[in-house]
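In: No letters, just coordinates:
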């Protein structure tokens, strides 16, 4: 586990983000091999295919791609679109996804050093590709390029909202970047913790037992509870909790 211990009595958002990490890490552990993949392109394909679907569906597609020898940019780039659609169909929204997948495959085939670029340039290049938004771009920067770019996924946003911390994707990401060391391993672990926490508690609406409940019950969280209650009264205005 990474050392992100907050100073005793810290009441600001930076302290809460560190405290949340400590609570989640204590509960779920290191989560090693959380996203196993045999190659960088398998992770790229997974990041595209998982949009708006369950991972079980993505896993089914990835297994079929492996069986057909399609887990390389060159193989996907060369495959006729109609054949790729049949492979990707179980992941849902397959017509859009095959175009996104084939687009990034061709880009990688044409630029073999894609993920050797610096994070900012890499992110900007990925965002210019079809089907790649902020979250997908950050997943690729973090997990494929191995560079620190925090992923603020739906699980993270839901958990942060319960702490009274809201904002745009980039706004929330900046808060993580400002609050934590720029360490790709730490960012991957925190992202995995958000996913595990969301699956165990948020998806099952088991709010009374989750880490957020424990944090909000702590004496030094009084200021955050006050801010959270005010944010409810001021709904519709931009949050300034962070």
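Out: Now that the structure is in, tell me what you want to look at. All values reported here derive from a predicted model rather than from experimental measurement.

In: which residues of the chain score low on pLDDT?
Out: Along the chain, segments meeting pLDDT under 70 span 1-11, 218-242.

In: Break down it into its helices, ranges please.
Out: Here the chain has its helices, by DSSP state H, at 13-28, 40-49, 55-67, 73-78, 81-88, 94-110, 119-127, 134-143, 154-162, 169-179, 184-197, 211-217, 222-233.

In: Can you list the buried residues in the first one?
Out: In this case it means helix 13-28. 13-25, 28 (16 or more other CB atoms under 10 Å). Yep, even glycine has a C-beta here, placed from its N, CA and C like the rest.

In: Format those as TSV; extra columns: distance to residue 215.
Out: TSV is the format used below for the buried residues of helix 13-28 (distance: CB to CB, whole Å):
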residue	distance to residue 215
13	12
14	14
15	10
16	7
17	11
18	11
19	6
20	6
21	11
22	10
23	6
24	10
25	13
28	15
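
In: what's the closest of the helices of the chain to residue 204?
Out: With CB to CB, the closest approach to residue 204 among these belongs to helix 184-197: 11.1 Å.

In: Okay, angle between that closest one and helix 154-162 too, please.
Out: Following axes from the mean of the first three to the mean of the last three CA atoms, to 10 degrees, one obtains 80 degrees for the angle between helix 184-197 and helix 154-162.

In: wait, what's in contact with residue 102?
Out: 76, 77, 79, 81, 84 (CB atoms under 8 Å, 6 or more residues apart in numbering).

In: Could you do residue 174 as well?
Out: Applying CB under 8 Å, 6+ apart, no residues qualify as near residue 174.

In: Tell me the spacing between it and residue 123.
Out: 14 Å (CB to CB, to the nearest Å).

In: Adding distance to residue 205, write the helices of the chain out as CSV.
Out: Shown next, in CSV, are these (distance: least, CB to CB, whole Å):
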stretch, distance to residue 205
helix 13-28, 18
helix 40-49, 27
helix 55-67, 20
helix 73-78, 39
helix 81-88, 32
helix 94-110, 30
helix 119-127, 34
helix 134-143, 24
helix 154-162, 11
helix 169-179, 23
helix 184-197, 13
helix 211-217, 12
helix 222-233, 19
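
In: Quick check: phi and psi at the residue nearest the centre of the chain.
Out: Residue closest to the average C-alpha location in the chain (CA atoms, centre = their mean): residue 151, at 3.7 Å. As for residue 151, its main-chain torsions (degrees, to the nearest 10) stand at phi -100, psi 110.

In: Show the contacting residues for it.
Out: Listed by CB under 8 Å, 6+ apart, the contact partners of residue 151 are 135, 138, 139, 142, 187, 191.

In: Is the second one in contact with residue 123, as I believe?
Out: Just to be clear, that refers to residue 138. Yes. In this structure, residue 138 is within contact of residue 123 by CB atoms under 8 Å, at 7.2 Å.

In: quick one, which of the two is more surrounded?
Out: residue 138 (26 against 20; other CB atoms under 10 Å).
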